[in-house]
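1. got a predicted model here, sequence first, then my questions.
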Amino acid sequence: MPENSGLPQRLRRAALWLTLLTLGILLCLSVIGSFLGSQKAGVLFNTAPAVFYWLFFVLLLLAGLLIFPSLLRKPGLFLIHLGCIVVLLGSMWSSPKAHLLQNRLFGTQKVHKGVMAIYEGSQQNQILEKETGQVLGMLPFSVYLEDFWMEYHWGDGSLHVRKTSDPNTPPPSPAHWQIPDQPGRELLLPPPLKKITILRVLRNLKITDRVTDRLPDEVNPALQVEIEWADGTRKTSYVFPADMPHVLQIEGFSFLYEPGATVGIKDFFSNVMILDYHNFRQQPALIEVNHPLRYGGYHLYQSSYGRDTVDTSRGREARWYTVLDVISDSGLRAVFLGYFLLCAGVFWQCWIRHLIRHFGQRSAHGI
Amino acid sequence: MEFKANLQGYLIYAAMLLYLLAFGLTLARRKKTGHIFYLLGFLVVLIAFLYRWNHVDHIPLQNMFEIFLSLGMIYPVSLFCRKALRVGAEAADMLLGVIVLFPAGFIFNADPQHLPPALQSWLFAPHVAVYVLSYILMAKAAVQAAAQFLKSGGPANPELVDYERAAYRMVCLGFPLLTLGLILGSYWGKLAWGDFWGWDPKELWSLVTWLIYLIYLHFRSMYGRKFPRINSLLVLLGLLAILITLLWVNLARIFAGLHSYAA
């Protein structure tokens, strides 16, 4: 059906103006929301009038697909409008109000959003309200925290090499050399040695050799180095700071590591085990920032951490705990599907169809 | 205002000088020489960008200094728009290059920063890079819209399209990138913070920007070129929203939110 026949032109013009008005309202509300802050803006966009607005928006988009045949004929425009409908419906389905509705309609007990705090060596399935600590519900599985740790950004440190025969020579001196603690850095040494190469910078060397930084009380920084003799013999060893009991001494040289100070947290890690008693399953998982865990209809995010003294069978002990954000995944697939449709539509409409036409014309002209 | 007396600063000042010389030569109708200086200016900004990358050990798109430094690499966009879209105004692009490099050279702090945990994601580079590119394109669209407002019609060069059509082409080129940036940001927000939309001021102003261009595209599909001044006004409003999103939201304390680290 061509757009200049069928429905009166005036109706289509009115629908377009209504679309502009709807977009304009969203624009104004967004500007107002930006001054309110994210929390109040979230409340504003979830009020009853806002719910009616979102529903009206979806209906307007659906009506647009019926009124304007070009929206069905042109794949780009169709995908854009369909994408917006799917995003809006998915977003509404993922909202707190929709969760209440889903629980009432389907008899589920899904919690929209909350947090859980778990101490190392214990399990938890209670979801709490972030601000008040009130219990919101239970996860359909438990989370056991095996280990929590952080990694840090470090300032520059250095490897010091001294002649053992003159250990108190203050730097700089011919008998003292130093290089930054960067993997791959080399220092040439006089015979019988040839050179020392830094292989790895370990912030907290353990026997298991896993880097687990637990400042301030559990730090064991070290450098893994390779020492080469003038005759070509090589040996891998570890260099420790001066306050450690072991000082590496070889062929009249002593090696010391001066680590840099921490300059901010690099990442947080929670090593957990999912205990799904209903399905008789156990699943290990590592949760870190930007890498949430998805299980049983929820996403678990690394949110915060802390250290507290707790009563144990061995008396009172200081233990790390992790704080995980627990967020329902209802509606999420629809939102991401809508994003894909919207993006594909916009690129098709604005870029791809023009490129196809351009290269089609060039090939038609034999260029 | 601070003078950066280091290699990074000198590279920025050299690029600004080259862009200014290119601008002056182009205005003086010595376009070929001006173009050579424009290219040289771009190469110097590119070196400054790569130097910064090596210095901070991650793609330098974290803070305002790095964003404005990357905005200064406008030359390839200029060249593409002229060759592929027949949209001119290289002289304005040269001036734009100077304008965006000025805050990088004299205003924003260039101290290197470690990436906070939330920014250590594969989405960091594409999300910000796509936005930077779309902002350059929309700034070029605004230049064409402003020219339409002031002069109407089109440039003297018959090879180039008129200002209104040029602004439309630029918006059509930039809008998909603006959309992709918004969607990548939303997807990243879900991975990092748990919400695909957190009603954060930066998110809301990004939405406002997107909505303005969406309104422009709807209005232009309704009336075509019947009301060129309204079309141009909407494109200029879009740039204003970009400036608010990029500068005001990051720098003003009234907009405290999850994106505050960008300041």
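-> Arrived safely.
2. from here on, just use CA atoms for contacts and neighbour counts.
-> Will do.
3. up against chain A, what does chain B have?
-> With CA under 8 Å from any CA of the partner chain as the criterion, chain B meets chain A at residues B:114-118, B:120-121, B:172-173, B:175-176, B:179-180, B:183, B:187-188, B:191-194, B:198-202, B:204-205, B:207-208, B:211-212, B:215, B:218-219, B:222, B:254-257.
4. show me which of those are buried.
-> Buried subset of the residues of chain B next to chain A (neighbour count, 16 or more other CA atoms under 10 Å in any protein chain shown): B:114-115, B:117-118, B:120, B:172-173, B:175-176, B:179-180, B:183, B:187-188, B:191-194, B:198-202, B:204-205, B:207-208, B:211-212, B:215, B:218-219, B:255-257.
5. helices - which of these land there?
-> If you go by DSSP state H, these have B:172-173, B:175-176, B:179-180, B:183, B:187-188, B:191-193, B:201-202, B:204-205, B:207-208, B:211-212, B:215, B:218-219 in helices.
6. just the helices from the chain, written as ranges.
-> I went with chain A, as the question did not name one. Counting by DSSP H, the helices of chain A are A:9-36, A:38-44, A:48-67, A:69-73, A:75-93, A:96-106, A:332-347, A:353-364.
7. actually it's chain B I care about, not the one you picked
-> Taking DSSP H as the test, the helices found in chain B are B:7-27, B:31-56, B:64-71, B:75-85, B:90-102, B:124-151, B:163-193, B:201-223, B:228-243, B:249-251.
8. quick one: average pLDDT of the longest one?
-> Averaged over helix B:163-193, pLDDT sits at 97.
9. swap in the shortest one?
-> Averaging pLDDT along helix B:249-251 gives 83.
10. quick one: it to chain centroid distance?
-> Relative to its chain's centre, helix B:249-251 lies at 16 Å (CA atoms, centre = their mean, to the nearest Å).
11. who does that helix touch, helix- and strand-wise?
-> Helices and strands touching helix B:249-251, by 3 or more CA pairs under 8 Å, 6 or more residues apart in numbering or on different chains; DSSP states H and E, are helix B:201-223.
12. OK, contacts around A:E258?
-> A:157-160, A:241-242 (CA atoms under 8 Å, 6 or more residues apart in numbering or on different chains).
13. strands - which of these land there?
-> A:158-160 (DSSP state E).
14. closest one of those residues to chain B?
-> A:S158 (18.7 Å; CA to the nearest CA).
15. how about the contacts made by the closest one?
-> A:S158 touches A:178-181, A:257-260, counting by CA under 8 Å, 6+ apart.
16. gap between B:M64 and A:I118?
-> 38 Å (CA to CA, to the nearest Å).
17. whoops, B:Y187 was the one
-> Distance from B:Y187 to A:I118, by CA to CA: 27 Å.
18. which ones are touching residue 134?
-> I went with chain A, as the question did not name one. A:L128.
19. could you do chain B instead?
-> Contacts of B:S134 (CA under 8 Å, 6+ apart): B:174-175, B:177-178.
20. could you redo the last one with a cut-off of 7 Å?
-> B:174, B:177-178 (CA atoms under 7 Å, 6 or more residues apart in numbering or on different chains).
21. what's the PyMOL line that selects buried ones from those?
-> Remark: buried members of the contacts of B:S134, expressed as a PyMOL selection using 16+ other CA under 10 Å:
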select buried, chain B and resi 174+177+178
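22. okay, domains of chain B per the record?
-> B:1-108, B:118-263 (automatic domain parsing).
23. lowest-confidence stretch among those domains?
-> Across the domains of chain B, the lowest-scoring stretch is domain B:118-263, with a mean of 91.
24. check the offset of that domain from the chain's centre.
-> 9 Å.
25. circling back: now the contacts of A:E258: which count as buried?
-> Buried, going by 16+ other CA under 10 Å: A:157-160, A:241, out of the contacts of A:E258.
26. columns distance to B:N250 on top of these, output as a markdown table?
-> As requested, the buried ones among the contacts of A:E258 are exported to a markdown table (distance: CA to CA, whole Å):
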| residue | distance to B:N250 |
| --- | --- |
| A:G157 | 34 |
| A:S158 | 37 |
| A:L159 | 41 |
| A:H160 | 43 |
| A:P241 | 42 |
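27. what's the closest of those residues to B:F68?
-> Comparing the buried ones among the contacts of A:E258 against B:F68 with CA to CA places A:G157 closest, at 32.0 Å.
28. do I have it right that A:E120 meets A:V143?
-> No - counting by CA atoms under 7 Å, A:V143 is not a contact partner of A:E120; they are 10.8 Å apart.
29. between those two, which one's more packed in?
-> The residue with more neighbours, out of A:E120 and A:V143, is A:V143; 23 against 19, by other CA atoms under 10 Å in any protein chain shown.
30. check what pLDDT the more buried one gets.
-> 97.
31. list the contacts of it.
-> A:123-125, A:272-275.
32. mind redoing it with 10 Å?
-> Counting by CA atoms under 10 Å, 6 or more residues apart in numbering or on different chains, A:V143 touches A:116, A:118, A:122-126, A:272-276, A:282-285, A:300.
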